[in-house]
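> Provided below are the primary sequence and the corresponding predicted coordinates.
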Amino acid sequence: MTVCRPNLFAFRGFALAALLTLIAGCKTDNTPAPQGTTPGAAQGTTSGSVVAAPPAPTGLVATSGNALATLSWSASAGATSYDVKRSSTSVGPYKQIATAMSPSYTDATVSNGSTYYYVVVAANAAGVSADSAQISTTPSAAGIRNIVINPATAVVSYGGAFQFNAVLTGSPGSTIVWSMQEPGNVGMIANDGRYTAPTVAGTFHVVAKNSTDPNLTGTASVTVTAPQGTPPNLTPGVWMNITPPAPGLTQTFGSYYLEVSPVDPNVIYVAIDTLGLWRTTDRGSNWTRLGTPATYDFGPKTTYLDSASRVRVDPADANHLIATQGVRGSTLGFWVSHDAGATWNMPQGFRDIVSTATNDVVSMAVDPTNFNHILLGSHSPWRGSQKPGGVMESTDGGSTWILHPPVSTWPGGSFAIGFLYDPTTGQGNANTWLVGTDGDGFWRTTNAGSSWTKVSNFNIVHGGAQFSYTRDGTLYSGAQPYPVRSRDNGLTWEQITGLPSAFYYSVGSDDVTLYTQLSNTGDNAGRGPQPYMTAPEATGGPWTPYQGGSQNFNDGPFVMSYDAANGIMYSANWRTGIWALKVIKP
C-alpha cells in the first residue's frame, strides 16, 4: 500500500468528490468499493459525478405573527444547511441571524409594526449558493386579543387629573370598562379613562377590561404626589400668556415648539430659538431654563442645548428625553437625555452618519407604539452632494441609524416627517410614513422608505408642519396657502377653505373643536394681528373666529398640544410666545 499526503493548499470550492479522488489516488489497496459506487468516486454519487455547491433556494415565503416571522422555502438539491439573513431595509446589508438544518425557520427576535427583509443561502461541504430572492414581512398583533394602556405610568398631583387611553385589539364589538385595582381612597377613573387623584400620596393602579371578557385586562400605574407649584388660574374661553421669561425672545424667532409630558401634564418643555430649552412643573406658572448658556460644552456631551428644534418625552420614562437641533446654534444634531434634560449626549451612531448625512436636523417623529423608533428630517441637504436630505431612521433610540435616500425632486430645505400610524383608530403601521415638502408636495411610503408615492401637490411652509389625528381618524396638516386634511390616512388630500389665505403650520383639536391661525415665523405673514379660527371637529367646517374674534395675536401657532385631563389647549406662537386656553365644551 502506498500512502501520500494530499495537497493541503487546495482552495475552497473544489468539489468534494475531486478532493476525495485526490486522496484516493495517493493510496493503493484492494478494499472493494461500497456497493453501488465506483472505486475512487465519492459515496452517494454516481460514477464520475461531482459534488458541487447547492443552487439558491427558491419559493421563499414569509408569514407574520405576533412578534414572529416564519419563513419557508423549497429545499435546494444537495444542501445540508441554510443560512438565514435579515435586513431592516430592502437594499441591505444583510446580517446572518441563524443556520437552519431544514427549509424553514421562525424568527422570534422581531418587533410588531416593523418590516423585515430576508434572504436564504443554501450550503454544503463544497460551498454556498447565491442569495435567494428577497422576501419581506411585517409582524403584527392584529387578531391578537390584547389591551394596552397608554401611558403605562403617570404622575398626578393631589386632586389633579390625568387622561389614560386604552387600545383594544382582537375583540370586535367590545368596549373598555375602567376601574381602580385598589379599594378605598385611591382616586376615581371615568368611563373615558380620565383619572382624578385623591388628596393623599401613593401609587395606585388603573385597570382596563374587555366588556365581553373580563379576564382580558390591561393595567397602568399612577403615582400621586404633592403639587410642585400652583398652576395658572385660567379663565375658560380666554387665551392666557404663559411664556417663559426668556430675555430677548422677540428678537429671535421665538418659541416654536412645546411638549406636554405624556407622564405628567404639569410638566411642559418649550424650545426657544437661540435661548435654550425651558421646563415648567406647574403648567406654566414658573419656568426653569435647562442648563447655563455661559458654561456649556459644545462636544458630544453637554448641559445646554442653545436652540433646540424639537423635544419629546418617553411615555414610559419621564426622565428620558430626545431632542433635535437644526438651522443654527452650537449644538446642532440629535440628543438624548436620561435625567430630564440636565445633561445631554449625542450618540456615537449619530455622529458616525453626520459625514454622510447632516447634523442640521429639525423635524422628528416618534413611533406611537415604540419610543425607540425615531425618524428625522433635515434642514440642509445631505453632505457630499447637493442632493436633498432623505429620512434618517433609528430603531434603537438613536444608537444606530439607517439612511433612507430622498426622492430626487425633493427640495433641499426642511420637510415635515411623521408616522401614518394611529393605533386608536387602527390606521397604518410603523412602516407607513409621510413626508411633507416645501416645494414638491406630500409623499407617502408603506415600506419604511424603500419606495415613495406622491399623494399631493400641496406644499408645507418652510420650517415644517404638524401632523395630527382627530378622534375619527382624520389627519390634519399645516400647509400653504391653507391647511389640508386627509380622510384616508394620507392617500388623498383636500384644502380647508373658508380661512384667510397665507401660511399655516398646524391644526389643533380638543376632541370637539378644531383650532388654527395664520402663522409665519413671527408676523402672521404680514397680515397683522389675527384671531384663532375654529370649526366643529365632527364636520370640519365652517370656520369662524374664536369667541367672535375677541382676542388677536401677532403670530399664530407652530404647534398645538391638548391636555385632555385638564381641558387645556397649549399653543407655541413664535415671537408671540406660549399661550394656554381652558376650553369650553358644549
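Right, received. Where do you want to start?

> who's in contact with stretch 392-405?
88-89, 111, 114, 322, 334, 336, 347-350, 352-353, 356-357, 361, 370-378, 382, 387, 390-391, 448-450 (C-beta atoms under 8 Å, 6 or more residues apart in numbering). (Glycine included, C-beta is placed from N, CA and C.)

> Centre of the chain to it, how far?
Centroid displacement of stretch 392-405 relative to its chain, using C-alpha atoms, centre = their mean, to the nearest Å, is 10 Å.

> what's the first-to-last distance across it?
This stretch, stretch 392-405, spans 9 Å end to end (C-alpha to C-alpha, to the nearest Å).

> Looking at the contacts of stretch 392-405, which are in helices?
Per DSSP state H, helices hold the following members of these: 348-350, 352-353.

> What's the PyMOL syntax to select whichever of these are buried?
Restricted to buried positions by 16 or more other C-beta atoms under 10 Å, the PyMOL selection for the ones in helices among the contacts of stretch 392-405 reads:
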select buried, resi 350+353
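
> could you redo the ones in helices among the contacts of stretch 392-405 as CSV and give each row distance to L60 and pLDDT?
Shown next, in CSV, are these (distance: C-beta to C-beta, whole Å; pLDDT from 0 to 100):
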residue, distance to L60, pLDDT
Q348, 35, 95
G349, 31, 96
F350, 34, 97
D352, 32, 95
I353, 31, 94
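
> Using TSV, please lay out the ones in helices among the contacts of stretch 392-405 together with distance to S136.
Listed next are the ones in helices among the contacts of stretch 392-405 as TSV, based on distance: C-beta to C-beta, whole Å:
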residue	distance to S136
Q348	29
G349	24
F350	26
D352	26
I353	24
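
> got a list of what P500 touches?
Applying C-beta under 8 Å, 6+ apart, the residues contacting P500 are 518, 527, 530, 533.

> Ok, T302 next?
291, 296, 331, 335, 343-344.

> tell me the mean pLDDT over stretch 315-324?
Mean pLDDT, stretch 315-324: 96.

> Please identify the buried residues of that stretch?
315, 318, 320-324.

> Now do that stretch: distance to the chain's middle.
13 Å.

> can I get the CA coordinates of stretch 267-275 in PDB?
The C-alpha coordinates for stretch 267-275 follow below in PDB (Å, rounded to 0.1, in the frame of the first residue of the first chain):
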ATOM      1  CA  VAL A 267     -44.600  69.300  33.100                       C
ATOM      2  CA  ILE A 268     -44.100  71.200  29.800                       C
ATOM      3  CA  TYR A 269     -41.000  71.700  27.800                       C
ATOM      4  CA  VAL A 270     -40.600  74.700  25.400                       C
ATOM      5  CA  ALA A 271     -37.900  75.300  22.800                       C
ATOM      6  CA  ILE A 272     -37.000  78.900  22.200                       C
ATOM      7  CA  ASP A 273     -34.900  80.000  19.200                       C
ATOM      8  CA  THR A 274     -31.200  80.700  20.400                       C
ATOM      9  CA  LEU A 275     -32.400  81.000  24.000                       C
END
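
> Could you pull out the buried residues of that stretch?
267-275.

> Mark which of the residues you listed are part of strands, please.
In this view, the buried residues of stretch 267-275 that belong to strands under DSSP state E are 268-272.

> How about L376, nearest residue that isn't a chain neighbour?
Nearest residue to L376, sequence neighbours excluded (C-beta to C-beta, 6 or more residues apart in numbering): M392, at 4.1 Å.

> which stretches of this structure aren't confidently modelled?
Applying pLDDT under 70 to the chain flags residues 1-50, 141-143, 171-173, 384-386, 413-414.

> circling back: show the buried residues in the contacts of stretch 392-405.
Among these, those scoring as buried are 88-89, 111, 114, 322, 334, 336, 347, 350, 353, 357, 361, 370-378, 382, 390-391, 448-450 (criterion: 16+ other C-beta under 10 Å).

> Now, those that are in strands?
Filtering the buried ones among the contacts of stretch 392-405 for strands - DSSP E - leaves 322, 334, 336, 361, 370-378, 391.

> Tell me the bridge partners for A535.
L514 (DSSP bridges).

> which residue ranges form the helices in this protein?
16-24, 348-353.

> circling back: quick check: the farthest pair among the contacts of P500?
R527 and M533 (12.6 Å; C-beta to C-beta).

> which one of those two has more residues nearby?
M533 (24 against 15; other C-beta atoms under 10 Å).

> okay but that one is in contact with G549, surely?
No: contact criterion C-beta atoms under 8 Å: M533 and G549 do not qualify, at 9.2 Å.

> Just the C-alpha atoms of the longest strand along the chain, please, in PDB.
As assigned by DSSP E, the longest strand anywhere in the chain is strand 213-225. Extracted C-alpha coordinates of strand 213-225, given in PDB (Å, rounded to 0.1, in the frame of the first residue of the first chain):
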ATOM      1  CA  ASP A 213     -64.300  39.200  28.500                       C
ATOM      2  CA  PRO A 214     -63.400  40.500  32.000                       C
ATOM      3  CA  ASN A 215     -60.400  38.200  32.000                       C
ATOM      4  CA  LEU A 216     -58.800  40.300  29.300                       C
ATOM      5  CA  THR A 217     -57.300  43.300  31.100                       C
ATOM      6  CA  GLY A 218     -54.600  46.000  30.900                       C
ATOM      7  CA  THR A 219     -53.000  47.800  33.900                       C
ATOM      8  CA  ALA A 220     -51.200  51.100  34.400                       C
ATOM      9  CA  SER A 221     -49.800  52.700  37.500                       C
ATOM     10  CA  VAL A 222     -50.300  56.200  38.700                       C
ATOM     11  CA  THR A 223     -48.300  58.000  41.400                       C
ATOM     12  CA  VAL A 224     -50.000  60.700  43.300                       C
ATOM     13  CA  THR A 225     -47.700  63.400  44.800                       C
END
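
> Partner strands of it and their direction?
Using DSSP bridges, the strands paired with strand 213-225 in its sheet are strand 153-157 (parallel), strand 202-210 (antiparallel).

> Comparing these, which comes out most buried?
Highest mean neighbour count among these (mean count of other C-beta atoms under 10 Å): strand 153-157, with a mean of 22.

> Touching that strand from outside, list them.
Outside strand 153-157, the residues that reach it (C-beta under 8 Å, 6+ apart) are 162, 164, 187, 195, 197, 220-228, 263-264, 266, 316, 318.

> out of these, which are buried?
So, by 16+ other C-beta under 10 Å, the buried ones in these are 162, 164, 187, 195, 197, 220, 222, 224-225, 263-264, 266, 318.

> out of the residues you listed, who's nearest Y476?
Closest approach between these and Y476, by C-beta to C-beta: F164, at 23.9 Å.

> quick one: contacts for that closest one?
Contacts of F164 by C-beta under 8 Å, 6+ apart are 149-151, 154, 178, 189, 193-195, 206, 208, 220.

> from the residues you listed, which is closest to D440?
N150 (34.3 Å).

> quick one: contacts for that closest one?
Counting by C-beta under 8 Å, 6+ apart, N150 has contacts 164-167, 262, 315.

> which residues does it bridge with?
N165.

> so what's G59 up against?
72-74.

> Can you say which of the residues you listed are buried?
By 16+ other C-beta under 10 Å, the contacts of G59 give 72-73 as buried.

> Could you dump the contacts of G59 into TSV with distance to P236 added?
Shown next, in TSV, are the contacts of G59 (distance: C-beta to C-beta, whole Å):
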residue	distance to P236
S72	61
W73	64
S74	68
